[in-house]
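S.K.: Quick one: sequence plus predicted model below, questions after.
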Amino acid sequence: HYHAFLTSHHFISPTKRRTLQQLSSQLGITGSAKVGYPGIVYGPQEAVEAFVRDVKGVQWLALRVRFVEPISDSDFGVRMCGGWRYPILEGC
């Protein structure tokens with residue numbers, strides 16, 4: 001699995017938020033984003049890279065991809081939550 005860390009100046013547009021939700025659902029990845037905070041996504045390498053590529057194609061004021069890198073179960077520990085495998089960063 002891979003993860004990507006993204007930041008943006010603003011994440012207010014309901015249309016862009018909906019687009020990101022739909023894209024992540026189509027690609028089978030999970031993550032989180034909140035207005036004023038960085039976003040992070042988790043999933044198979046191909047899906048995470050496709051998400052980053054497509055998100056970069058949307059017009060943003062200041063989008064930065066901080067990293068896209070592999071993660072391993074042993075690095076973070078892995079938990080099943082709602083059918084998703086992801087690093088243990090917070091509770092389900």
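M.R.: That came through fine. Numbers count the residues shown, from 1 in each chain.

S.K.: C-alpha only now, for contacts and for neighbours.
M.R.: Will do.

S.K.: and the longest helix along the chain, which residues are buried?
M.R.: Counting residues, the longest helix found in the chain (DSSP state H) is helix 14-27. Within helix 14-27, the residues that count as buried by 16 or more other Cα atoms under 10 Å are Leu20, Gln21, Leu23, Ser24.

S.K.: Switch those over to JSON lines; also include pLDDT and distance to Val68.
M.R.: As requested, those are exported to JSON lines (pLDDT from 0 to 100; distance: Cα to Cα, whole Å):
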{"residue": "Leu20", "pLDDT": "85", "distance to Val68": "17"}
{"residue": "Gln21", "pLDDT": "89", "distance to Val68": "19"}
{"residue": "Leu23", "pLDDT": "92", "distance to Val68": "17"}
{"residue": "Ser24", "pLDDT": "92", "distance to Val68": "15"}
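
S.K.: if I read this right, Lys56 contacts Ala62, doesn't it?
M.R.: No - the criterion here is Cα atoms under 8 Å, and Lys56 misses it with Ala62 at 10.2 Å.

S.K.: Comparing the two, which shows the higher neighbour count?
M.R.: Neighbours per residue (other Cα atoms under 10 Å) separate Lys56 from Ala62, with Lys56 holding more: 13 against 9.

S.K.: and the closest residue to that one other than its chain neighbours, what does it touch?
M.R.: Excluding its sequence neighbours, the residue lying closest to Lys56 (Cα to Cα, 6 or more residues apart in numbering) is Leu63, at 7.4 Å. Taking Cα atoms under 8 Å, 6 or more residues apart in numbering as the criterion, Leu63 is in contact with Leu6, Thr7, Ser8, His9, Lys56.

S.K.: Run through the bridge partners of Leu63.
M.R.: For Leu63, the beta-bridge assignment (DSSP bridges) gives partners Ser8.

S.K.: ok, it to Val55 distance?
M.R.: Here the distance between Leu63 and Val55 works out to 9 Å (Cα to Cα, to the nearest Å).

S.K.: mind listing the strands for the chain?
M.R.: Counting by DSSP state E, the chain forms strands over residues 2-8, 30-32, 39-43, 63-70, 78-81, 84-87, given from the N-terminal end onward.

S.K.: same for the third one, what does it pack against?
M.R.: Under the contact criterion of 3 or more Cα pairs under 8 Å, 6 or more residues apart in numbering; DSSP states H and E, strand 39-43 touches strand 2-8, strand 30-32.
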